[in-house]
Structures are given as C-alpha cells and as structure tokens.
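S.K.: Structure here, sequence nowhere to be found:
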C-alpha cells in the first residue's frame, strides 16, 4: 500500500512538469526575450545624441561662469554684465596733441641806464610748443620762445671792459621756457579762452665781443598767458578767427658778468609782459596764424664790480607767422 502511494505522487509530479506554462512564466520569458533583442540589435547614434541634447540645460539656465556660445564674439569684444567686472573695452591711443611752430621778424631795444647804453636793432624770433586739444577742458603743455639780434647792437658806443674803454658793439640773445597747465573755461563753445599757468624760465645774454665783456641774467618764477579766440567768418573746419595774446610773469634769479681781468655776480628780480593781436585760419586739425606782438621786460639793479646801476630794460616788437597741427 505504501509503495502504491509513492508511485501515484511521482506520476502527478511528472504530469505537472509536462503541463502548459502559467501566464506569469510566459510574461517573464517575454521580457527576457526583449532584453536580449535590444542587446544584439544595431546602435542608433543619432537618436542617442538627440536624447542627450534634450536633457542639456538651456541658455537661460547656464551658470554665469560657463563660457558663452561662439556666436557672442571674442572675449575682448564683449562688455561685462557689471561696470566694475569682466573684460574692459579697448579705448585706443592717448589723447592727441598739438604741435606749433612760429617765426617772426622785428626789433629789440636794449636800455642800460648806468652804462649809458641804449640802442634798437633788428631781431629774429622763434617759438615752438606742444599742447593738448583746443576744445579740451585742461591739459599740460610746453612752450619755448627765443629771440636774437644782429651783432651791431650799441654800435658807435664805448664800454669799460675793466681795463680800458672799448667798442661796445654787442649781440643779444633771449630764451624763455614755459612748462604750464592749460585751462579752457569755454571748451564747449566756438569761443575759446585758453589760460596757461606755469613757471617761466628766462635767460638773457648780452655779449660785447670786441670789448670782451659778457653779461647774463637767469630768472625763474610764475607766469600766466591768455589767448582768447573769437570766430569771425565761416564755420568749424573752415573758419577765420580773431586771436588775442596776453602774458605776464615775474621771476627771481642771478646776474653774472665776465670782463677782462675778472668776473662778478649778484641776485636780480625780473618782470615782463606781452600783448598782441592776430588772425587764425582754422582748418580742422590745422591752424595758420599771423599777427603783431609787443613785449617789455625789466631787470632790477645790480651791485657788481663793473655793472652796478639801475638794471636793464628790454622792449620787443615783431610781426609773426606760424602754424600748428594736431597729431
């Protein structure tokens, strides 16, 4: 009996194994089959790339430190989001400057009361300078002015050279260097009023070649110049202006004389002024000027072995022609 029951159980188990699969088993085998099919199927790279791009962040969500697209231009051509951050725009070269050159002809009168010398003779004048734009509010500048007479100043007079009286014929030379700050109170108008403030370095030399006497004055002090410019005809870029010139300065320095058998020196004060009027043809970056100018300078008295007395007086007048160009 026991043996028969064991046989019946064995037959039932074999029958169960040979029966059709359950719905759950069929579903699992279908899933496994799909996975195997995907694994052995061909790769679709275009679809994969499209899915990756779809998941990428948009431009609005991009973080600030990430670089902008190439279409935004080069890094040195982009302005920063804030004024005080990021790459700065290149602004080009420094401000342009104006170079001026001017020449003149006229005469110089030299009066030395103590030495009983007084004469007027022909002279040549030259001025060069560098300055900023005329319509700018302020800027530095430099002017150098020189003049020279012929060698027949005091011709016909005599001079004590420390030993004996000799012919007093001489040649006079003057130089002024004027570094300054230019201010323009009317820089945004057709009317111009440059005001130049600075230090004037003045040098004067009177050399009596025949007598062997040489006298020099060197002074340093404050100086101011005004140059008003009023439009007359035309418009900016092709215009004729009325030009004025006014300058004054004072200085303190040294006097030195050399003569036959010795030399001596002393301190001296000097003051001077100039005034002139002219016309200026304004052609954009070019200026052409012409005019007349008168000036006077005085040196205070000195106390030296040979030239003690009431100082020296200089008077100058010239007709000048010049031009300037912006660089």
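M.R.: That came through fine. Please read these numbers as outputs of a predicted model, since none were measured by experiment. Residues are numbered from 1 along each chain as shown.
S.K.: List the buried residues for stretch 227-238?
M.R.: For stretch 227-238, the neighbour count (16 or more other CB atoms under 10 Å) marks 227, 228, 229, 231 as buried. Quick note: C-beta positions are derived from backbone N, CA and C, even for glycine.
S.K.: Which residues does the third one form beta bridges with?
M.R.: The bridge-partner assignment for residue 229, based on DSSP bridges, gives residue 192, residue 243.
S.K.: I'd like the distance between residue 145 and residue 55.
M.R.: Per CB to CB, to the nearest Å, residue 145 is found 78 Å from residue 55.
S.K.: Check which helices and strands whichever helix or strand residue 176 is part of sits against.
M.R.: For residue 176, the host element (DSSP states H and E) is strand 171-184. Under the contact criterion of 3 or more CB pairs under 8 Å, 6 or more residues apart in numbering; DSSP states H and E, strand 171-184 touches strand 138-149, strand 194-208, strand 213-226.
S.K.: Could you check how far it is from the centre of its chain?
M.R.: Strand 171-184 has its C-alpha centroid displaced from the chain centroid by 20 Å (CA atoms, centre = their mean, to the nearest Å).
S.K.: Indicate each strand paired with that strand and its parallel or antiparallel sense.
M.R.: Assessed with DSSP bridges, strand 171-184 is paired to strand 138-149 (antiparallel), strand 194-208 (antiparallel).
S.K.: Could you say which of those is packed most deeply?
M.R.: strand 194-208 (a mean of 20; mean count of other CB atoms under 10 Å).
S.K.: Including pLDDT, could the buried residues of stretch 227-238 go into CSV?
M.R.: Converted to CSV, the buried residues of stretch 227-238 look like this (pLDDT from 0 to 100):
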residue, pLDDT
227, 92
228, 92
229, 90
231, 91
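S.K.: circling back to that earlier point, with distance to residue 277 and mean pLDDT added, can I get the strands paired with strand 171-184 in TSV?
M.R.: Listed next are those as TSV, based on distance: least, CB to CB, whole Å; pLDDT from 0 to 100:
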stretch	distance to residue 277	mean pLDDT
strand 138-149	18	94
strand 194-208	16	96
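S.K.: For those, give me CSV that also has distance to residue 182.
M.R.: Compiled in CSV, those are given as follows (distance: least, CB to CB, whole Å):
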stretch, distance to residue 182
strand 138-149, 5
strand 194-208, 5
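S.K.: what's the closest of those strands to residue 47?
M.R.: Evaluated over the strands paired with strand 171-184, closeness to residue 47 peaks at strand 138-149, with 68.1 Å, by CB to CB.
S.K.: Run the angle between that closest one and strand 213-226 for me.
M.R.: Calculated by axes from the mean of the first three to the mean of the last three CA atoms, to 10 degrees, strand 138-149 forms an angle of 150 degrees with strand 213-226.
S.K.: To what extent is residue 272 buried, counted in neighbours?
M.R.: Residue 272 has 23 neighbours, counted by other CB atoms under 10 Å.
S.K.: sorry, that was for residue 46
M.R.: Number of residues near residue 46 (other CB under 10 Å) recorded here: 8.
S.K.: Pretty sure it sits in a strand.
M.R.: No: Residue 46 is assigned helix when assessed by DSSP: H, G, I helix; E, B strand; the rest coil, not a strand.
S.K.: Could you tell me the model confidence score at it?
M.R.: Residue 46 carries a pLDDT score of 75 in this model.
S.K.: Pull the contacting residues for it.
M.R.: The contact partners of residue 46, by CB atoms under 8 Å, 6 or more residues apart in numbering, come to none.
S.K.: rewinding a little: ok, the buried residues of stretch 227-238 vs residue 302, which is closest?
M.R.: The closest of these, once distances to residue 302 are taken by CB to CB, is residue 227, at 33.7 Å.
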